[in-house]
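Visitor: Sequence plus the predicted model coming up.
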Amino acid sequence: SIWMVSHQLPGLLVEGRDPLGLSAGVTVVVHAVRRQAAGLDRRPGGRGDGRNMEMLEGLRNAELLPGWYEDWVTVEQERWNQLRLTALERLAGRFLEQGETGQAVEAAASAIAIEPLRESAQRLLLEAHLAEGNYAQALRNYEAFSSRLWDEFGV
């Protein structure tokens, strides 16, 4: 594998303190998103803060090794999805606070796409629709979630 990578992507791997590492010019998306998520609570977010939209775009489809099913990978995928969910919910809340309801809907819907039964994300989606004045859409989402809970758990 190392031989193939070094020939197909020259300069990607370098020798370092560990026997092998990534070149300094390589950006690891997982590390970048983790830094952004950690900084989300520390930095103030003003209305129209482009960093929030940039983070939303980065989190929306940032799957970790899709199609890999080894045990060690599935554990890391679950940890990654939990980080994404938490960050997307924080973003949705921040967007709601700023009155950016469309972006709040996007962030909450992105969290729901990862975990459809996550109640906190569903609540944020409903709050965003209500803040937009889309009562019918909020009711449709509520009924769909209620129906899904009944189908899955009988509650």
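Guide: On my side now, so go ahead.
Visitor: Now do the strands in this structure.
Guide: Taking DSSP state E as the criterion, the chain carries its strands at 13-14, 21-22.
Visitor: Using CSV, please lay out these together with mean neighbour count.
Guide: Every residue, glycine included, has its C-beta placed from N, CA and C. Compiled in CSV, those are given as follows (neighbours: other CB atoms under 10 Å):
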stretch, mean neighbour count
strand 13-14, 14
strand 21-22, 12
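Visitor: Out of those, which gets the lowest mean score?
Guide: Across these, strand 21-22 has the smallest mean pLDDT, namely a mean of 83.
Visitor: quick one on the thing from earlier: okay if I get the strands of the chain as JSON lines plus distance to Ile114?
Guide: JSON lines is the format used below for the strands of the chain (distance: least, CB to CB, whole Å):
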{"stretch": "strand 13-14", "distance to Ile114": "31"}
{"stretch": "strand 21-22", "distance to Ile114": "27"}
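Visitor: between the ones you listed, which one is nearest to Leu65?
Guide: strand 21-22 (15.5 Å; CB to CB).
Visitor: For that closest one, which strands pair with it and how are they oriented?
Guide: Strands that pair with strand 21-22, judged by DSSP bridges, come out as strand 13-14 (antiparallel).
Visitor: Off-centre distance for the strand it pairs with?
Guide: Mean C-alpha position of strand 13-14 versus that of the full chain (CA atoms, centre = their mean, to the nearest Å) differs by 29 Å.
Visitor: and if you look at stretch 96-116?
Guide: On CA atoms, centre = their mean, the centre of stretch 96-116 falls 10 Å from that of its chain.
Visitor: what comes up buried for that stretch?
Guide: The neighbour-count check on stretch 96-116 (16 or more other CB atoms under 10 Å) flags 96, 98, 100-101, 103-112, 114-115 as buried.
Visitor: Narrow the residues you listed to those in helices?
Guide: Judged by DSSP state H, these include 96, 101, 103-112, 114 as members of helices.
Visitor: what ranges do the helices span in this protein?
Guide: Applying DSSP H to the chain gives helices spanning 2-8, 29-40, 50-60, 71-97, 101-114, 119-132, 135-153.
Visitor: looking at those helices, which is buried most?
Guide: Across those, averaging neighbours per residue (mean count of other CB atoms under 10 Å) puts helix 101-114 on top, at a mean of 21.
Visitor: Packing partners of that helix?
Guide: Contacts defined by 3 or more CB pairs under 8 Å, 6 or more residues apart in numbering; DSSP states H and E place helix 101-114 against helix 50-60, helix 71-97, helix 119-132.
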